[in-house]
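[1] Below: sequence and its predicted model.
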Amino acid sequence: MPRLEPMTVHSPYAAQLEKIPVDHQELSILGSDTQYWIYGPDDAETTIVVVHGYRGEHHGLEPIVAQLPEYRFISADLPGFGESTPMQEHPHSVDGYAAWLDAFVTALGVRGTAVVLGHSFGTIVASAAVANGLPAPALILVNPIEMPAPKGFRAMATAVTVFYYRVAAKLPRPLAHELLSNWLIVQLMSSSLAKTKDKRLRTWIHREHHTFFSRFSDRDTVIEAFNASISADVSQFAARITVPTLLVAAQRDDITPVSAQYTLQRTFPDARLRVLGGVGHLIHYEMPGLAAEAIRDFLEGLPDS
């Protein structure tokens, strides 16, 4: 299998994103030098704080940001990923990341006014933070995780992945880093998650994963965060989340079956569910336009809009 050259294909969303102003800033949050990016107009009526998925970073959700130029987005690299350093005052657990999110939103001065948006593992972190008391006018969950991975309908694949991380945990750090960032393993992951038949889009998705999926700070942090990602799910927090919530789910999601998303919707006191057909766990890469439509419709329909 030939390796992809870094610039094999350009982002299909680059032209839209280039029209949106962006500013890179830094905050110290719970011992993490947290790097974050602000997209959109400073005078936007709505601010959305973004929480990316496991082993992702802020670039991953840019395709959705590109579709919503009228909103102000604040997107950080989670501690230990991308350009953000690990937390020193909390473990990299669900509770730890939820505490970081609360502290981050507070430091930004948007606590209680910013909508919170999470993707994949970010849906767990965002849900935990809001359930634990982070005030927000609304919550948006893209590809929400409804059940712990070991109990999901890809339990065998999860068992293999758990074994993979356990092996990495026992290896010397340099060897562990090589294993965790192995090109072939990243390619297999990317190929299994991508559902589009568009060859150029698939090539770009693979390039994104090869560029950003292995930008973690160290072995221990990435393994700690992996254990967090398989230890919890959104359903554990849903009943305690009273703010209006949007679930953007995928018909072909390999992580959470679509039937479970309907169950999850009923668990929330106030949730809407939008299911996108023909896509899997990469809504943000494959169908950001439809995700953005759902988000815009939801936000414009809120009582205070």
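    All right, it came through fine. Residues are numbered from 1 along each chain as shown.
[2] Tell me where the protein has strands.
    22-29, 32-39, 47-51, 72-76, 115-119, 139-142, 245-250, 271-276 (DSSP state E).
[3] Distance to Val234 and mean pLDDT added to these, as JSON lines?
    C-beta coordinates here come from the backbone N, C-alpha and C atoms, glycine included. Below are the strands of the chain laid out as JSON lines (distance: least, C-beta to C-beta, whole Å; pLDDT from 0 to 100):
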{"stretch": "strand 22-29", "distance to Val234": "23", "mean pLDDT": "98"}
{"stretch": "strand 32-39", "distance to Val234": "23", "mean pLDDT": "98"}
{"stretch": "strand 47-51", "distance to Val234": "12", "mean pLDDT": "98"}
{"stretch": "strand 72-76", "distance to Val234": "20", "mean pLDDT": "98"}
{"stretch": "strand 115-119", "distance to Val234": "9", "mean pLDDT": "98"}
{"stretch": "strand 139-142", "distance to Val234": "6", "mean pLDDT": "98"}
{"stretch": "strand 245-250", "distance to Val234": "9", "mean pLDDT": "98"}
{"stretch": "strand 271-276", "distance to Val234": "10", "mean pLDDT": "98"}
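[4] Need these in CSV (columns: distance to Tyr164 and mean neighbour count).
    Formatted as CSV, those follow (distance: least, C-beta to C-beta, whole Å; neighbours: other C-beta atoms under 10 Å):
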stretch, distance to Tyr164, mean neighbour count
strand 22-29, 30, 14
strand 32-39, 26, 21
strand 47-51, 25, 25
strand 72-76, 27, 24
strand 115-119, 22, 28
strand 139-142, 26, 28
strand 245-250, 24, 26
strand 271-276, 29, 18
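[5] okay if I get those as a markdown table plus distance to Leu61?
    Output for the strands of the chain, formatted as a markdown table (distance: least, C-beta to C-beta, whole Å):
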| stretch | distance to Leu61 |
| --- | --- |
| strand 22-29 | 13 |
| strand 32-39 | 10 |
| strand 47-51 | 5 |
| strand 72-76 | 6 |
| strand 115-119 | 6 |
| strand 139-142 | 8 |
| strand 245-250 | 12 |
| strand 271-276 | 16 |
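[6] List the contacts of Ala131.
    237-238, 240-241 (C-beta atoms under 8 Å, 6 or more residues apart in numbering).
[7] Test for you: state the pLDDT assigned to it.
    The per-residue pLDDT reported for Ala131 equals 98.
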